[in-house]
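J.: The following block contains a protein sequence and its predicted model.
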Amino acid sequence: MKVLFVSSEVYPYSKSGGLGDVAGALPQALVKAGHEVLVVSPWYQTLKGAPLWIGDVAAPFDGGFSQVGVGTLERQGVRYAFVGHSQFQRDQLYGYPDDVKRFCLFSRAVPQVAERVGFVPDVVHANDWHSAYLPLILKDGWHLPAGFPGRPCVFSIHNLQYQGVSELEATLYWLRLPSSLKNSYLNHFGSANAMQGAIGFAEQVTTVSPGYAEEIQRPEYGYGLDGTLRHLSFKLRGILNGLDTEVWNPASDPNLPAPYSADDLSGKQQAREALCERFRLGGGRPILGVVSRLVEQKGIDLVLKALPQLLGQGWSLVVLGSGEAWLEEGLRQAAAWHPGQVAAVIGHDEQLAHLIYAGADALAVPSRFEPCGLSQMIAMRYGTLPIARATGGLKDTIIHDQDGFLFTHANPEGLLWAAGQARRRYAEARWEAMMVRAMSKEFSWARSAQAYGEVYRLAWGG
């Protein structure tokens, strides 16, 4: 099947979070499964790589047409086309007041760009709000290339919290869509809501884990769209993300002091010793790692609130990440107050991330909500047992007291309860068996690609 995969970011060319990882890995897995895939993404100023510019195309936009450049390249059997325009020549991918208008332009240009590289898809796969306008464009947009009107669309929700809300009439004008869509799923209490529009117009809707698919139909996780999702639940399906098992492989990871596997864990002990030496941690205490964005959604404030008791349980703590200033400062202070027991590195350090995943004994993932989560999968592959909140993809990937530890309530007491369970197991011979069980779990993208292939066939009507 020919799949047009559309994403606002794609690793290794652009990335701000998990969406970039998915857009980098899933198309490759789809190609290995026998599909033909074209990935379309913006040509950012910060784009890593050098696409070959092949010319401009005219995209219907903002009451007329806008010229956008087209750049192409190919990697591991996947074709890529990048949409070039001055609106994407900025220091960051997102975070600007005109983001909705910028991504309206991007969405409107996708069919013309695909036509320019000779790709007419069987199905279009749009991801998150940035490309959520495509299901509407394909059904009601003017000036579509031959073969594109009415093309079936799959829409994937990676994080429902961000929905692309804007003024309704202006959005329809930018997209050059008929005014009759004021009374469609695009309209959410008088505003244009890109996410709801895609949920309503796409043939199939997916999320990145079965648990998250269930949760977003409830008010506490639905961010105002839970009613729409319940109403359209017949076309909603959760497909667990995979993991790049070549990048995240302790048996061949060049960032570690020594390789190791479930059959020979000696290299993990060397990673642990290296981590202790780097941060001057006492070697007799188990190490609790955190590799995360430092934001409230990830529950980092729970770690800070529970820190005295965690140290009292016997843990040392190593944190790597960046995010909200108050959390960054709280972690810096904690490291200063507890030398030899707490270490915090604010920022991004890929090599250190690998060392923490390998050298820590457990990984804290106390998220308030987690659509899928990759850190717990990485930790398990490295024999580091996750201590996580039972939400979204975390509860789909971790079995409590077998390959990790789960807690229910998003508060310090819940985290401390699970950490206490883990601390007791750490003193038992069973801990190593749990490590081996975690390392043996299957998280490859091949399973996910097969599930998406089934969804594409449903959308296509086959």
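T.: Sure, I can see it.
J.: and V70, what are its phi and psi?
T.: phi -120, psi 120 (degrees, to the nearest 10).
J.: My read is that it contacts L52, right?
T.: No. Taking contacts as CB atoms under 8 Å, V70 lies outside contact range of L52: 9.4 Å. Quick note: C-beta positions are derived from backbone N, CA and C, even for glycine.
J.: more neighbours, those two?
T.: V70 (24 against 10; other CB atoms under 10 Å).
J.: G373 reaches V365, doesn't it?
T.: Yes. Using CB under 8 Å, G373 makes contact with V365 at a distance of 6.4 Å.
J.: More neighbours: those two, which one.
T.: G373 (31 against 26).
J.: Could you report the separation of that one from P51?
T.: Separation of G373 from P51 (CB to CB, to the nearest Å): 31 Å.
J.: mind listing the helices in the stretch 251-400 of the chain by residue range?
T.: Ranges of helices within the stretch 251-400 of the chain are 266-279, 300-313, 325-337, 350-359, 375-381, 392-397, based on DSSP state H, counting those that start in this stretch.
J.: how much space between T384 and G323?
T.: In terms of CB to CB, T384 sits 22 Å off from G323.
J.: ok, now P27?
T.: 28 Å.
J.: Same drill for the two, tell me which one is more crowded.
T.: P27 (27 against 16).
J.: Just the buried residues of whatever helix or strand that one lives in, please?
T.: If you go by DSSP states H and E, P27 is part of helix 18-32. Buried residues in helix 18-32, counted by 16 or more other CB atoms under 10 Å: 18-31.
J.: repeat for stretch 237-244
T.: Buried-residue list, stretch 237-244, by 16+ other CB under 10 Å: 237-244.
J.: before we move on, what about stretch 144-153?
T.: Neighbour-count burial for stretch 144-153 [16+ other CB under 10 Å]: 144, 148, 151-153.
J.: what mean pLDDT would you report for it?
T.: Mean pLDDT, stretch 144-153: 96.
J.: quick one on the thing from earlier: contact partners of the helix holding P27?
T.: For helix 18-32, the external contacting residues (CB atoms under 8 Å, 6 or more residues apart in numbering) are 3, 5, 7-12, 14-15, 37, 39, 41, 76-78, 127-128, 156, 158-159, 208, 241-242, 244, 371-372, 374, 444-446, 448-449, 452-453.
J.: helices and strands around whichever helix or strand comes after it, which ones?
T.: Downstream of helix 18-32, the first helix or strand assigned by DSSP H and E is strand 36-42. In terms of contacts (3 or more CB pairs under 8 Å, 6 or more residues apart in numbering; DSSP states H and E), strand 36-42 is packed against strand 2-6, helix 18-32, strand 78-84, helix 99-116.
J.: Which strands or helices does the helix or strand just after strand 36-42 pack on?
T.: Moving toward the C-terminus from strand 36-42, the next helix or strand (DSSP H and E) is strand 52-61. Here strand 52-61 touches strand 64-75, helix 99-116, going by 3+ CB pairs under 8 Å, 6+ apart.
J.: Could you export the ones you listed as a markdown table, including distance to D349 and mean pLDDT?
T.: Formatted as a markdown table, the helices and strands packed on strand 52-61 follow (distance: least, CB to CB, whole Å; pLDDT from 0 to 100):
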| stretch | distance to D349 | mean pLDDT |
| --- | --- | --- |
| strand 64-75 | 25 | 97 |
| helix 99-116 | 28 | 98 |
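J.: Just say which of the ones you listed is most tucked in.
T.: helix 99-116 (a mean of 24; mean count of other CB atoms under 10 Å).
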